[in-house]
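A.B. asks: heads up, no residue letters with this:
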């Protein structure tokens, strides 16, 4: 019997969301050198998937305001990865209601992408299933990411899972959008997702946010209870409080196929300089929105204003509105 602290599980796959989620801190205005460095580190580190950005609508997100990784046109991706002659699989996220997915997602044989991640809220599940079917028919692996699940009732979650389980999706991801959940809730949700997905031959994943500094811990919890697809970003780069840090996750997994040194190189050469220009991480305002199970938009606004250190005023405002 293996020692209980050995976490090696060969079927577990890791996805890097540094560029996609991290781009929310700077409107996806990463230069090619930054994106290429993350791509090369993912390849060298043995990471399974790299989420290189969004497939978002130009009508909703004007070209001049956002960088190329908000749209992930084929020529932009290939400028970084060529034909991607590596074992690393590439993916993008399509948001329900924010993506022209029917036309913008090319057939797989015309794209260097391998997987489409469909993100949606519970009330958008009908469109999400259409998106999943479209991507699967075009030849892609597909994940379903139910966002803000901490705000849904158990009945709503069951209804979404019942519908998605019948679709051609490959992975259903537990998404703690507000960084509001604790280990007990992660356990309940992973087991619930598995109850619907496992009989259909589908995997369950985890995407954790770090508002209460639990992104890494909650990812571990999901793994313990059977999640085989886990997300992380280098230095935890992501909107607001950020995500589970890749450097911690790889250290925890102890799978000999993963190599942590390339990640530390990106931290040193690219993430450290970026941290002097833009802010992310579990600052106090994000702790508060996480504890209140609220979207971090108010915390993002507070951190970007001239009252960024006025914690009490922020707390009082949010709790007086409750």
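C.D. replies: That came through fine. Fair warning: this is a prediction, and the values are worked out from it, not measured in the lab.
A.B. asks: contacting residues around residue 206?
C.D. replies: Under the criterion of C-beta atoms under 8 Å, 6 or more residues apart in numbering, the contact list for residue 206 reads 173, 174, 186, 190, 218, 219, 222, 223, 227, 229, 230, 231. Every C-beta, even on glycine, is put in place using the N, C-alpha and C of the backbone.
A.B. asks: Isn't the fifth one up against residue 208?
C.D. replies: Yes - contact between residue 218 and residue 208 holds when scored by C-beta atoms under 8 Å: they sit 4.5 Å apart.
A.B. asks: overlap in contacts of those two?
C.D. replies: Listed contacts common to residue 218 and residue 208 are 176, 244; contacts here mean C-beta under 8 Å, 6+ apart.
A.B. asks: Tell me where the stretch 101-250 of the chain has helices.
C.D. replies: In the stretch 101-250 of the chain, the helices defined using DSSP state H, counting those that start in this stretch lie at 101-104, 125-137, 154-165, 183-197, 215-224, 246-253.
A.B. asks: quick one: the last one to helix 215-224, angle?
C.D. replies: Pointing back at helix 246-253 there. The directions of helix 246-253 and helix 215-224 differ by 40 degrees, with axes from the mean of the first three to the mean of the last three C-alpha atoms, to 10 degrees as the criterion.
A.B. asks: which parts of helix 246-253 are buried?
C.D. replies: Taking 16 or more other C-beta atoms under 10 Å as the basis for neighbour counts, the residues of helix 246-253 that come out buried are 246, 247, 248, 249, 250, 252, 253.
A.B. asks: where do the strands sit along the protein?
C.D. replies: 13-16, 49-54, 89-95, 115-120, 141-146, 171-176, 203-208, 229-232 (DSSP state E).
A.B. asks: Reformat those as CSV; add distance to residue 307.
C.D. replies: As requested, these are arranged in CSV below (distance: least, C-beta to C-beta, whole Å):
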stretch, distance to residue 307
strand 13-16, 34
strand 49-54, 31
strand 89-95, 31
strand 115-120, 31
strand 141-146, 33
strand 171-176, 27
strand 203-208, 28
strand 229-232, 32
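A.B. asks: tell me what the helix or strand bottoming out on mean pLDDT in the chain is packed against?
C.D. replies: Comparing helices and strands within the chain by mean pLDDT, DSSP states H and E singles out helix 311-321 as the least confident, with a mean of 93. For helix 311-321, the packing partners by 3 or more C-beta pairs under 8 Å, 6 or more residues apart in numbering; DSSP states H and E come out as helix 284-291, helix 297-303.
A.B. asks: who are the neighbours of the longest one, in terms of helices and strands?
C.D. replies: Just to be clear, that refers to helix 284-291. Counting contacts by 3+ C-beta pairs under 8 Å, 6+ apart, the secondary-structure elements packed against helix 284-291 are helix 297-303, helix 311-321.
A.B. asks: Just send those helices back as TSV, with distance to residue 41 and mean neighbour count too.
C.D. replies: Listed next are the helices and strands packed on helix 284-291 as TSV, based on distance: least, C-beta to C-beta, whole Å; neighbours: other C-beta atoms under 10 Å:
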stretch	distance to residue 41	mean neighbour count
helix 297-303	27	19
helix 311-321	35	13
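A.B. asks: still on that earlier bit, residue 144: which of the helices of the stretch 101-250 of the chain is closest?
C.D. replies: Nearest to residue 144 among the helices of the stretch 101-250 of the chain is helix 154-165; the distance by C-beta to C-beta comes to 5.0 Å.
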